[in-house]
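Asks: Predicted model and sequence follow; I will ask about them next.
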Amino acid sequence: MAEEKTSKGTTQKAEKPPKVEDKPFTEFMEQHYLPSLKAAMAKAGIDDLTLEFAKRKIEVMGQNDSEPYWQVQGSWYEPTEGQHRFNIAFIDENITGQKIFTLTTNSAKPSTIEQFMGDERRITLDLMVLYTLQRLNGQKWLTRN
């Protein structure tokens, strides 16, 4: 830690810059999460990833009425498997609140809603990216066995 001497000779610790996770929700998502996720996906071999962050209704098979929620929607095309799409919806409009995850292929409506990062007490940018990659890898969308 950097320490500075004041005019009275006492030592004062320099203030730490705020964590990126403490930024306003939309600013954090647009300036930090989306670029970090895109870079991590490129590192995993997904170069044509399209990421969008917008407020929209959750699309799930069998559900017609839904409030709009902030969502990250990612999609890319695999020549042998078709279109892959995932959504992470932020129900409470913050990174520490309830989040849900859906995924689908070939433009079909998702049929399952899953809790996303529900057990994590401390949410960081790195954890959000890691959990997203782990969930996509659970579908074998990033690597094969």
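Replies: Cool, got the structure.

Asks: what's the longest helix in this protein?
Replies: helix 125-138 (DSSP state H).

Asks: Check the offset of that helix from the chain's centre.
Replies: Centre-to-centre, helix 125-138 and its host chain are 8 Å apart (Cα atoms, centre = their mean, to the nearest Å).

Asks: and if you look at stretch 88-104?
Replies: 8 Å.

Asks: dump the residue contacts of the residue nearest the centre of the chain.
Replies: Nearest to the mean C-alpha position of the chain, by Cα atoms, centre = their mean, lies residue 128 at 5.3 Å. Residues in contact with residue 128 (Cβ atoms under 8 Å, 6 or more residues apart in numbering) are 33, 37, 95, 117. Every residue, glycine included, has its C-beta placed from N, CA and C.

Asks: show me where this structure has strands.
Replies: All strands of the chain, identified by DSSP state E, fall at 3-5, 11-13, 50-57, 68-78, 82-90, 99-105, 114-115.

Asks: Need those in JSON lines (columns: distance to residue 132).
Replies: Output for these, formatted as JSON lines (distance: least, Cβ to Cβ, whole Å):
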{"stretch": "strand 3-5", "distance to residue 132": "38"}
{"stretch": "strand 11-13", "distance to residue 132": "35"}
{"stretch": "strand 50-57", "distance to residue 132": "11"}
{"stretch": "strand 68-78", "distance to residue 132": "8"}
{"stretch": "strand 82-90", "distance to residue 132": "7"}
{"stretch": "strand 99-105", "distance to residue 132": "8"}
{"stretch": "strand 114-115", "distance to residue 132": "12"}
